[in-house]
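structure of the sequence below:
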Amino acid sequence: MKTLIINGNRFSLESESHAFLTSYMKRLETYIIAHRLDKQLYDDVLSGIEEKLGAIDGDISQKHCVDIVNALGEPEDIFEGEEASDTPLTTTSKRKYGLWVKAGIAALVLVGFFGLFGMLMNSRAPAPVVIVMLGLFVLFVRYVINYKTL
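From the prediction side, this is the model:
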């Protein structure tokens, strides 16, 4: 069993059902980004999926998920006739790039701070300082990689 979270609500699904719905939601997102459609459309479809999953009593099976996707349709069918928006759905890579830049700046600041501190303490062994800085940088990078947006 895997957990799918939609708009803060948790749904327990079989692994195949989880993969199926996750793939469907990714196709929706990709279509909206590629066609520069409004993010609100994506949110509306997610709300529809959430509503349909919430209406199911008991375990959510693969059949339920297939029925939901069939009822909603493919992205081409759902968004047929929609026009491009001035505020398209942003890609996660742009946001991650910004965080990578912040991580690099933070690392440089840490290097400078610990380097200055080491010089002030007249330390001739910068290796521990470098190890600490690298450790902090790795923790920050892991945060950046795990940072998830839409």
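
which secondary element of the protein has the worst mean pLDDT?
helix 92-120 (a mean of 62; mean pLDDT, DSSP states H and E).

and the chain, what are its domains?
2-78, 92-146 (automatic domain parsing).

ok, of these, where does mean pLDDT dip lowest?
Mean pLDDT is lowest for domain 92-146 among the domains of the chain, at a mean of 63.

isn't F20 right next to H64, touching?
No: using Cβ atoms under 8 Å, F20 makes no contact with H64, being 10.3 Å away. C-beta here means a position set from N, CA and C on the backbone, and glycine is covered the same way.

what about the helices in the chain?
15-34, 39-54, 62-72, 75-78, 92-120, 127-146 (DSSP state H).

for the shortest one, packing partners?
The contact analysis (3 or more Cβ pairs under 8 Å, 6 or more residues apart in numbering; DSSP states H and E) places helix 75-78 against helix 15-34.

quick one, the helix it packs on and helix 62-72 angle?
Counting by axes from the mean of the first three to the mean of the last three Cα atoms, to 10 degrees, helix 15-34 lies at 20 degrees to helix 62-72.

orientation of helix 15-34 relative to helix 39-54 in degrees?
Using the same axes, to 10 degrees, helix 15-34 lies at 160 degrees relative to helix 39-54.

counting neighbours, what do you get for R27?
Look at R27: counted by other Cβ atoms under 10 Å, it has 14 neighbours.

likewise the one 10 residues further on?
Burial of L37 is recorded as 21 neighbouring residues (other Cβ under 10 Å).

roughly how far apart are it and T30?
Per Cβ to Cβ, to the nearest Å, L37 is found 11 Å from T30.

now swap in V45 and tell me
For V45 relative to T30 (Cβ to Cβ), the value is 13 Å.

okay, those two: which has more neighbours?
V45 (20 against 13).

I'd guessed the more buried one sits against I78; true?
Yes: using Cβ under 8 Å, V45 is in contact with I78, at 6.4 Å.

which neighbours do these two share?
Jointly contacting V45 and I78 under the rule Cβ atoms under 8 Å, 6 or more residues apart in numbering are L28, L72.

hang on, C65 packs against L21?
Yes: using Cβ under 8 Å, C65 is in contact with L21, at 5.3 Å.
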